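J.: need coordinates for the below:
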Amino acid sequence: MKTYPFCSSSSVLITALLCPLVVQAAENESQQTEHMWSQGWYLGGQFGLATTNVSNAGLDELYEQAGIDASSTKVDDSGASYGLFLGYKFNQYFSVEAGYLDLGERSVEFSGQTTDLDAYYDLAEHVYPETGDGWSLSVLGTYPLSERFSVTGKLGYFAWELDAVTSSIADEASQVGSDSHSGSGVWLGAELGYQINHDMQAYVSYQHMPLDADEVGVFALGLRYWFGSDSRDAAPVLPAAVVPTLAKIGSDGDSDSDGVFNAQDQCLDTPSTHAVDSRGCTLFAPRVVEMKLTVLYENDSDKIDLSNTDKIQKLADFIEQYDIKQITVFGHTSAVGSQAYNQKLSERRAASVAEMLAADFNIATGIIKAVGKGESEPISHIPEQNRRIEVYLNEELNLPVLKQ
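T.: From the prediction side, this is the model:
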């Protein structure tokens, strides 16, 4: 019978890692933050079932190709699999992981006839269901479905090895053959994740692992635990929630009318329009804000028509309201004239809006960048439409949640 001498205590190892994490998750459950997604370094582990895509008929064909009279009588094509890894999450969409993966043990029992037993075993010892253990490196792309649920695609590289032992069924302690094999290759996977709290995520996953001769599928349950950083990644871009605030009944006063009495209120000057948490502090939620400004110019001119003043005023108000840290003004021209002249003209047009924002509306010059595009980016076959400047702002900000 051919077996693989992998560690038989894999379930103990993974339990030792995960049990403290589950306890930590329970302790952190009451410490909810403004959103659930984490970033930075994390540890992870998974435990599941790995199955090699092999059959009796397939093994019998390999025996025949090896030139021996043998047939498989029993195939154990699956085994317990576990993995341990270290990862880093750059943002809510992209992560990398590196760690150790064990695909479990496999075995096959076979019988046959021969007149030269040693030669028979020499040939038979190279036929078995493939498995392996080794180091894996992977990149993960994640798409958040909600505040807690997400789906993830995985692309990885697995460098593996295996040791196979052939023994007699009559005396399993007697080794009659052995084989060692190694390889590497790319694997694919997918998972559904659930964010238990800010520092803990549970997931169910499937990995498709092509080895040299066989393919292995791994179904697993796993946990990730973030450590060493309190930084919070932005939550998925969802419509801003409207959270009602319930008034409390008591006698100690509520000076800011947020529904939390002064004795428990840690933010006594909360605006009355803001939804608050149990401490009386403003709740925040991510929201995308955007604005686009286009100003048209006369031919061969960098002077702003006074009719555009109100539009530039609105841009200045937007910058101040949302505390925008950087804006770029792009200047453009039509194709009339030389390219060199149009490049300079587009730069002057961009500068004219930058100067008005600073001089007339007190926008800091340090956050404004004027860029000339010349005639390189027309938007119309009509020259007048191309004599323009454009500003486009698209910012994802954490903004206060308003009461109903």
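J.: tell me the contacts of Thr142?
T.: Listed by C-beta atoms under 8 Å, 6 or more residues apart in numbering, the contact set of Thr142 reads 92-95, 150-152, 193. Using the backbone N, CA and C atoms, a C-beta is placed for each residue, glycine as well.
J.: beta partners for it?
T.: Thr152 (DSSP bridges).
J.: with Glu191 instead?
T.: Thr152, Ser205.
J.: pull the contacting residues for it.
T.: Listed by C-beta under 8 Å, 6+ apart, the contact set of Glu191 reads 151-152, 154, 203-206, 222.
J.: what strand or helix carries Lys303?
T.: Using DSSP states H and E, Lys303 sits in no helix or strand.
J.: residues touching it, list them.
T.: 297, 352.
J.: for Gly337, grab the count of nearby residues.
T.: 14 (other C-beta atoms under 10 Å).
J.: that should have said Asp305, apologies.
T.: Asp305 has 11 neighbours, counted by other C-beta under 10 Å.
J.: gap between Ser334 and Tyr206?
T.: 56 Å (C-beta to C-beta, to the nearest Å).
J.: can I assume Lys74 is in contact with Arg106?
T.: No. Counting by C-beta atoms under 8 Å, Lys74 does not reach Arg106; the two are 11.6 Å apart.
J.: who's more crowded, the two?
T.: Between Lys74 and Arg106, Arg106 has the larger neighbour count (other C-beta under 10 Å), namely 27 against 11.
J.: buried set for the helix or strand encompassing Glu61?
T.: Using DSSP H and E, Glu61 sits within helix 56-66. Using 16 or more other C-beta atoms under 10 Å as the test for burial, helix 56-66 gives 59, 62-63.
J.: packing partners for it?
T.: Packing contacts for helix 56-66, counted by 3 or more C-beta pairs under 8 Å, 6 or more residues apart in numbering; DSSP states H and E, involve strand 69-76, strand 107-113, helix 117-124.
J.: before we move on, back to that, how about the buried residues of helix 56-66 in TSV, adding distance to Arg279 and pLDDT?
T.: Converted to TSV, the buried residues of helix 56-66 look like this (distance: C-beta to C-beta, whole Å; pLDDT from 0 to 100):
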residue	distance to Arg279	pLDDT
Leu59	65	72
Leu62	67	71
Tyr63	71	71
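J.: could I get the residues you listed as a markdown table with distance to Pro400?
T.: As requested, the buried residues of helix 56-66 are exported to a markdown table (distance: C-beta to C-beta, whole Å):
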| residue | distance to Pro400 |
| --- | --- |
| Leu59 | 66 |
| Leu62 | 67 |
| Tyr63 | 72 |
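J.: quick one: which of the residues you listed is nearest His181?
T.: Relative to His181, the closest of those is Leu62; by C-beta to C-beta it sits at 13.8 Å.
J.: the residue nearest to that closest one when sequence neighbours are not counted - how many residues pack around it?
T.: Excluding its sequence neighbours, the residue lying closest to Leu62 (C-beta to C-beta, 6 or more residues apart in numbering) is Val127, at 4.6 Å. Applying other C-beta under 10 Å, we find 25 other residues in the vicinity of Val127.
J.: confirm Val127 sits in a strand?
T.: No. Counting by DSSP: H, G, I helix; E, B strand; the rest coil, Val127 is not part of a strand but coil.
J.: would you confirm that it contacts Asp60?
T.: No. Counting by C-beta under 8 Å, Asp60 is not a contact partner of Val127; they are 9.4 Å apart.
J.: who touches both of the two?
T.: Ala70.
J.: coming back round to it: using a markdown table, lay out the contacts of Glu191 together with distance to Leu293.
T.: What follows is the contacts of Glu191, written out as a markdown table (distance: C-beta to C-beta, whole Å):
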| residue | distance to Leu293 |
| --- | --- |
| Val151 | 37 |
| Thr152 | 38 |
| Lys154 | 42 |
| Tyr203 | 44 |
| Val204 | 47 |
| Ser205 | 46 |
| Tyr206 | 48 |
| Gly222 | 48 |
